[in-house]
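Engineer: sequence first, then the predicted structure:
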Amino acid sequence: MKLLIIGGTRFLGRAIVEVALAAGHDVTLFNRGQSNPGLYANLETLVGNRDGGLGVLHGRSWDAVIDTCGYVPRLVRDSATLLADRVELYTFISSISVYSDPSVAHIDEDAPLGTIEDETVETVDGDTYGPLKVLCEKAATDSMHGRALNVRAGLIVGPYDLSDRFTYWPYRVAQGGEVLSPGEPHSPVQFIDVRDIAAWTVQATEKRLTGPYNVTGPNEPVTMSQLLHACKEVSGSDATFTWVSDEFLTANEVGEYTEMPLWVTAEFAGFDTVNCQKAIGAGLLTRPLTDTIRDTLDWADGRAADYQWRNGMKAEREAELLALWRKL
């Protein structure tokens, strides 16, 4: 399969390239040439900005395109329109954030989608991200006359994840000691190893699947307690877990999903029970949790000693909160 990947040198794009190459596909990259420019020096790379710089794609054709970095509907529409007669399928990496009510449990692909009053907005932030992804999906689907696959990804984790929204936990537990643990131990958590969503995306593209698919995991439900104990098992640390309530975390203005990764209040709890049976039926497989933890920890341990974490709780803040909790 001749495959065009928009992006392709960071995290998910990188994993998709690796899967596609391992499967023997002929891969061409289209990106700005700014992120990891020498990563795939042996691959054809068409350099251009998708905002007005699509000219390098003219006169070329591929079997399919995978768009890993579309956030603005206008830009997705531009690329999909240009490629409509040049590719058989447009695979768009979307998000489970498209759903209008993230408090609802077991959201499937037919759940109501988010909307935005001004559809010309191009500022991507916490309020607009989901509705803009909805419009991106529509732009791809309409421009391709239905020949679009919309991969609604959950939290993607694993090696090369620069967000630290999962990496915090394997790393923190490996340090040992008393670990502030959020909410109820048996609360479900959902995330997917970047290599697993990459494998499914390439396979689904090969099969020419179309329409929306929720793609997160693991296939078997996992609780926060299971995750933390798996981190302890992998690292062999002496960590102990002190579970503090949602009310305490909220009262102390702990940032959900950022300062306290994977923890959300009831308003967003639906994002931890998303229904992925459609994708599982189409071949989605997720690796053992311990494999993801081990590989993430190995990668994180190779980062610079002065690495600045993007998310996660600072040690001083954790100690302060644990002291407050013990006083209750």
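Structural biologist: In hand now; what should we look at? Numbering: from 1, shown residues only.

Engineer: low-scoring stretches of the stretch 101-250 of the chain, by residue?
Structural biologist: Applying pLDDT under 70 to the stretch 101-250 of the chain picks out no residues at all.

Engineer: pull out the buried residues from stretch 29-38.
Structural biologist: For stretch 29-38, burial by neighbour count (16 or more other CB atoms under 10 Å) applies to 29, 30, 31. The way it works is simple: take the backbone N, C-alpha and C, and place the C-beta from them, glycine included.

Engineer: pull up the distance across it, start to finish.
Structural biologist: Start-to-end span of stretch 29-38 (CA to CA, to the nearest Å) is 12 Å.

Engineer: packing partners for the helix or strand hosting residue 294?
Structural biologist: According to DSSP states H and E, residue 294 maps onto helix 289-301. On a contact count with 3 or more CB pairs under 8 Å, 6 or more residues apart in numbering; DSSP states H and E, helix 289-301 meets helix 168-175, helix 224-235.

Engineer: adding distance to residue 255 and mean neighbour count, write the ones you listed out as CSV.
Structural biologist: What follows is those, written out as CSV (distance: least, CB to CB, whole Å; neighbours: other CB atoms under 10 Å):
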stretch, distance to residue 255, mean neighbour count
helix 168-175, 12, 21
helix 224-235, 17, 20
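
Engineer: residue 273: which of those is closest?
Structural biologist: Closest to residue 273 of those is helix 224-235 (CB to CB; 13.0 Å).

Engineer: identify the residues contacting that closest one?
Structural biologist: Applying CB atoms under 8 Å, 6 or more residues apart in numbering, the contact partners of helix 224-235 are 169-170, 173-174, 179, 181-189, 239, 241, 262-263, 289-290, 293-294, 297.

Engineer: distance check, residue 178 against residue 323.
Structural biologist: 10 Å (CB to CB, to the nearest Å).

Engineer: show the end-to-end separation of stretch 274-282, please.
Structural biologist: 16 Å.

Engineer: now do the helices in this structure.
Structural biologist: 11-22, 73-83, 129-143, 168-175, 194-206, 224-235, 246-251, 277-281, 289-301, 315-326 (DSSP state H).

Engineer: can I get the third one in PDB, CA atoms only?
Structural biologist: Extracted as PDB, the C-alpha positions of helix 129-143 are listed here (Å, rounded to 0.1, in the frame of the first residue of the first chain):
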ATOM      1  CA  TYR A 129     -10.800  21.100  21.100                       C
ATOM      2  CA  GLY A 130     -13.700  18.600  21.000                       C
ATOM      3  CA  PRO A 131     -16.100  20.600  18.800                       C
ATOM      4  CA  LEU A 132     -13.400  21.400  16.400                       C
ATOM      5  CA  LYS A 133     -12.500  17.700  16.100                       C
ATOM      6  CA  VAL A 134     -16.200  17.100  15.300                       C
ATOM      7  CA  LEU A 135     -16.000  19.600  12.500                       C
ATOM      8  CA  CYS A 136     -12.700  18.100  11.300                       C
ATOM      9  CA  GLU A 137     -14.300  14.700  11.000                       C
ATOM     10  CA  LYS A 138     -17.200  16.200   9.000                       C
ATOM     11  CA  ALA A 139     -14.700  18.100   6.800                       C
ATOM     12  CA  ALA A 140     -12.800  14.900   6.000                       C
ATOM     13  CA  THR A 141     -16.000  12.800   5.500                       C
ATOM     14  CA  ASP A 142     -17.700  15.400   3.300                       C
ATOM     15  CA  SER A 143     -14.700  16.100   1.100                       C
END
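
Engineer: next, the buried residues of that helix.
Structural biologist: Result for helix 129-143 [16+ other CB under 10 Å]: buried residues 130-141, 143.

Engineer: and the furthest pair within these?
Structural biologist: So, these by CB to CB: farthest apart are 130 and 143, at 20.6 Å.

Engineer: got TSV for the helices and strands packed on helix 289-301, with distance to residue 56 too?
Structural biologist: As requested, the helices and strands packed on helix 289-301 are exported to TSV (distance: least, CB to CB, whole Å):
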stretch	distance to residue 56
helix 168-175	39
helix 224-235	43
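
Engineer: so for residue 269, which of these sits nearest?
Structural biologist: Short answer: helix 224-235, nearest of the helices and strands packed on helix 289-301 by CB to CB, at 11.9 Å.

Engineer: how far does the closest one sit from the chain's center?
Structural biologist: In terms of CA atoms, centre = their mean, to the nearest Å, the centre of helix 224-235 is found 21 Å from the chain centre.

Engineer: bridging residues for the nearest residue to residue 109 once chain neighbours are set aside?
Structural biologist: Distance criterion CB to CB, 6 or more residues apart in numbering; nearest residue to residue 109, sequence neighbours excluded, is residue 212 at 4.6 Å. Taking DSSP bridges as the rule, residue 212 bridges to residue 150.

Engineer: residues contacting residue 146?
Structural biologist: Contacts of residue 146 by CB under 8 Å, 6+ apart are residue 210.

Engineer: would you quantify the distance from it to residue 278?
Structural biologist: 17 Å.
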